[in-house]
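Trainee: what's the 3D shape of this:
(chains A and B)
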Amino acid sequence: MDIKDLVTRAEQLAETSGQSLSTISRKILNDGKGLTRLKDGGQVTLKTYENAMGALKKLEAEADVNASLNLTHLQRLEAEAIHIMREVAAECENPVMLYSVGKDSSVMLHLAEKAFYPSRPPFPLMHVDTMWKFSEMITFRNRRAKEVGMDLIVHINPEGKADNVGPFSHGSAVHTDIMKTQGLKQALDKHRFDAAFGGARRDEEKSRAKERIFSFRNENHRWDAKNQRPELWNIYNTRVQKGQSMRVFPLSNWTELDIWQYIYKEKIQIPSLYLSKKRPVVERDGVLILVDDDRLPLNPGETPMEKMVRFRTLGCYPLTGAVESEATTLPEVIQEMLLTTTSERQGRVIDSDAGASMEQKKAEGYF
Amino acid sequence: MSHLDSLIAEDIIAYLDAQENKSFLRFITCGSVDDGKSTLIGRLLYDSKLIYEDQLAAIEKDSKKSGTQGDKVDLALLVDGLAAEREQGITIDVAYRFFSTDKRKFIVADTPGHEQYTRNMATGASTADAAILLIDCRHGVQVQTRRHAFIASLLGIKHVVCAINKMDLVDFDQKVFNDIEYDFRDFAKDLGFNDITCIPMSALDGDNVTRASERANWYRGPHLLKYLEDVDVDSADLERPFRLPVQWVNRPNLDFRGFSGTIASGIINVGDEVMVVPSGKRSKVKSIVTYDGELDRAREDMAITLTLKDEIDISRGDIICRTDSPCEQADQFQAHILWMTEKELFPGRQYLIKTANKTVPASITNIKYRVDVNDLSETAVKTLGLNEIGVCTINTGAPIAFDPYQDNRKTGNFIIIDRASNETVGVGMLDFALRRAKNVHWQDLDVSKQIRAAQKNQKPVMLWFTGLSGSGKSTIANLVEKRLLDLGRHTYTLDGDNVRHGLNNDLGFTKADRIENIRRIAEVGKLMVDAGLITLTSFISPYSAERLMARELQDDGEFIEIYVNTPLEVAEQRDVKGLYAKARAGLIKNFTGIDSEYQEPENPEITINTVHMSADEAAEQIVAYLTENGYLEGTS
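Mentor: Model (predicted):
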């Protein structure tokens, strides 16, 4: 009878398996304080000792197996997103993945490849183009769709295009509404999609925190925050009424850090706009705007400056502020993000009005 | 975000690697209105330094405008996201929050306290491993506290913290704390929690949230964050039987046939013998396929694709098990049901239930009792209303593979969907099968429906007349039957009044009784159709769900819905039986059209407009329809 050995091994097990010593004590001695007593010189009968040793050996074997099968936080999030995507593929008639070319979309696309492997994802990608996206986004989008082998639908609001709607001529609010919000509604109606994947996360913004993973829109694409379906376990009610459609958010439970970490770990391609380099910018109302093409009207006396900048979100280039940064690699970007003191959406011109702005935009049909 | 971890600045790669090894906990917070949930979560985020400067500035601004804490920053504003609830000062929907410490990552479901949003609490609880119940120490254990504790236990949460809050308002009086702890433990002793931890707290000031409280120096236990970091949720008990609910059949080409899904429990190895439930077919695992390469083994919570050695028929809705411990299958169950909508649950009505991977028609055949959440006592009831919990028996249209919920949270659960609105109206947890499905066989008779009908030179069909009282249903049905008799066909009419005098004389006119009335008629009608008869039924049948149920009982093409469309004013003016006058006078309750609704058919096969058409013309139209569609020809 080697009580010392028993205690040492139990302590090692506690360390490696993350269980507390009292839990192990309860499991092998049927007494949460038993091991502590033995450690302090307590005694047991031979029979109790043998039973405890047997139970401990079993726990050790279990712990070995479990250690080799541990799931990290990211692996759990990945599995959850895959489950959601498969559920849509199995239950919806005509799903689509909204692809905005940003980092969240890149993660979503990568997860779609994983979810259906060795099949290709059984739905197309769709990008609502406002004609004012960074030019690199368009090149990147076309290349990625080709590489993955998915159909790519690009929708531009034809009326907006005919009227030459743009952020400078019409203002950012009108431009965003016509080219983005109305454009999205048109595209979904045109193709009669019953489910559309989006890359939104609950940590992005307060009203998103309350949105379901399967989120319903009425025939006018409006979201009714107070009348959402209960969503329990991982069972999703995918049945839509005539005219209703669903937005599905497989990344709901990811945080910004999770996204970056996953991109880093999985080596996911993202547009180089996220990494810092010398780019021509002008400063307006304290926001750095990239001179992406010759449509940017320069004010009198304004000349573009070359600055080391990167972007925290990607959208229409005149509406997306750059941040000055020396981060030229992904880990450096993550480092800056963790050390920064302002939230992600601050770079977006669209959000900076009233507090409930995003909720209102969603009610109107913005994704 | 000024995260404490100094590695971020020194060695970001090492920091990222360290992040990978953090464990993970999902928990919920719940409690009554004004117990301080949002403040508590705001405090956790604030003290874990997860608030950005711009967010904090915005909150400080809002605190001055609408805060309830005077000069202090109102942390509840951080989490009360929706504009409506900021105005009303209550949290109306479940919100998910994310934070992490050096040991763990957390997802918090902040769930509403107000009684009408109890369903949202169940939503948060369904994915949580631990629950924090907030109790205002000035009020003690309340009805909502009991309700929430019960729901947490019902949904399988094993670890509970009682956060006895606002202790600053009673000067951290130990007796107040002890009394509440005693009350709660006494109530919760039968709820099956593994552990209950009570913590005296002030979320507003931060006592015992992320640091030990000096003011509660008599308290020796952990502060909340320490508890959350250390609680052993044991969620990955990999010893449990292997279950893979098949979600999607993966067929990229003719050479590959895989079964994709998320493992609900246990471990699977290449070479393991498996059995498919409900079919009972067996094979062995050939490979475990993922995008990142094939695996030798896979565990609970992994989303994988299995291929098998033999070509056996498997589809979505099946569960792949290991042969050593397969799950059960049945079509009759006892279950706990939580009702989540204002329209009451009606026994007998057809709903859809969706399990982990299968959707089947089902009806609640009986409500054994309702559970009173105050004292867990049992009351006999006929229906369940919003937020009520009952123990019920369920009949499913097809056998489903399952485990009891207390054995497996992922294969013993289901949601209930209303067939007309498609809303999620309830959720359930399976207790056990009432009898195994395989014990029930339909008697396969040699003389079939087709043979009986052919003998009568007709096709059997149910003509379902629906419409308001006094619309002319029975008159028209009688005329149709006479004409068919003249044509030498075999018929029978089930009439509302006649059936109520005999078969259904135990039923009244409440909604529940009306549904049962229609169910019995639909079943009797089915037998008559089986006998080869052209069966006419003439009932108001006001609810589309029951008409849909009657329709689905019959085989394809054997149900014709005839909407006798008479506007209420016209029917009331006719008032052949004088019933409208009585209903208007309040002498008859639940009268369709007066104080009980009529749901118009959306796609009836035949619509009769009795304002523009006589009863004879209507009968003619129906007989013409039967002739044109071949119902009056035999199947030789």
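
Trainee: tell me the centre residue of chain A?
Mentor: Nearest to the geometric centre of chain A sits A:Leu251, at 4.1 Å (CA atoms, centre = their mean).

Trainee: from what I can see that residue touches A:Glu80, true?
Mentor: No. Between A:Leu251 and A:Glu80 there is no contact under CB atoms under 8 Å: 9.4 Å. Backbone N, C-alpha and C define where each C-beta goes, glycine included.

Trainee: distance of the residue lying farthest from the centre of chain B relative to B:Leu479?
Mentor: Distance from the C-alpha centroid of chain B, by CA atoms, centre = their mean, peaks at B:Asp486 (50.8 Å). Distance, B:Asp486 to B:Leu479, using CB to CB, to the nearest Å: 11 Å.

Trainee: show me where the stretch 251-367 of chain A has its strands.
Mentor: Taking DSSP state E, counting those that start in this stretch, the strands of the stretch 251-367 of chain A run over residues A:277-284, A:287-290, A:305-310, A:323-324.

Trainee: tilt between the first one and strand A:305-310?
Mentor: Think strand A:277-284. Comparing the axes of strand A:277-284 and strand A:305-310 via axes from the mean of the first three to the mean of the last three CA atoms, to 10 degrees yields an angle of 110 degrees.

Trainee: chain center to strand A:277-284: distance?
Mentor: Distance, stretch centre to chain centre, for strand A:277-284: 28 Å (CA atoms, centre = their mean, to the nearest Å).

Trainee: buried sites along it?
Mentor: If you call a residue buried by 16 or more other CB atoms under 10 Å in any protein chain shown, then strand A:277-284 has these buried ones: A:Arg279, A:Val281, A:Val282.

Trainee: kindly list the main-chain dihedrals of A:Gly149?
Mentor: Note on A:Gly149: its backbone torsions stand at phi 80, psi 30 [degrees, to the nearest 10].

Trainee: hang on, isn't it packed against A:Arg120?
Mentor: Yes. Counting by CB under 8 Å, A:Gly149 touches A:Arg120, with 5.4 Å between them.

Trainee: who has more neighbours out of those two?
Mentor: Neighbour count, other CB atoms under 10 Å in any protein chain shown: between A:Gly149 and A:Arg120, A:Arg120 has more, with 14 against 9.

Trainee: identify the residues contacting that one.
Mentor: A:Arg120 makes contacts with A:Val148, A:Gly149, A:Met150, B:Pro252, as judged by CB atoms under 8 Å, 6 or more residues apart in numbering or on different chains.

Trainee: swap in B:Ala131?
Mentor: Neighbour list for B:Ala131: B:Phe27, B:Ile28, B:Thr29, B:Cys30, B:Ala125, B:His148, B:Ala149, B:Ala152, B:Ile157, B:His159, B:Val160, B:Val161 [criterion: CB under 8 Å, 6+ apart].

Trainee: what packs against the longest helix seen in chain B?
Mentor: Counting by DSSP state H, the longest helix found in chain B is helix B:511-530. Contacting helix B:511-530 under the criterion 3 or more CB pairs under 8 Å, 6 or more residues apart in numbering or on different chains; DSSP states H and E are the following elements: helix B:449-455, strand B:461-466, strand B:491-495, helix B:496-501, strand B:534-538, helix B:544-553.

Trainee: could you list the low-confidence segments of the stretch 1-150 of chain A?
Mentor: Within the stretch 1-150 of chain A, the segments meeting pLDDT under 70 span A:18, A:65-68.

Trainee: chain B contacts on that one?
Mentor: By the rule CB under 8 Å from any CB of the partner chain, the part of the stretch 1-150 of chain A lying against chain B is A:18-20, A:23, A:62, A:65-66, A:69, A:71-76, A:78-79, A:82-83, A:86-87, A:89-90, A:113-120.

Trainee: which of those residues fall in strands?
Mentor: Per DSSP state E, strands hold no members of those.

Trainee: could you pull out the helices for the stretch 201-350 of chain A?
Mentor: Taking DSSP state H, counting those that start in this stretch, the helices of the stretch 201-350 of chain A run over residues A:256-266, A:330-339.

Trainee: and the last one, what's buried?
Mentor: Looking back up the chat, that one is helix A:330-339. Going by neighbour count (16+ other CB under 10 Å), the buried part of helix A:330-339 is A:Leu330, A:Glu332, A:Val333, A:Ile334, A:Gln335, A:Glu336, A:Met337, A:Leu338.
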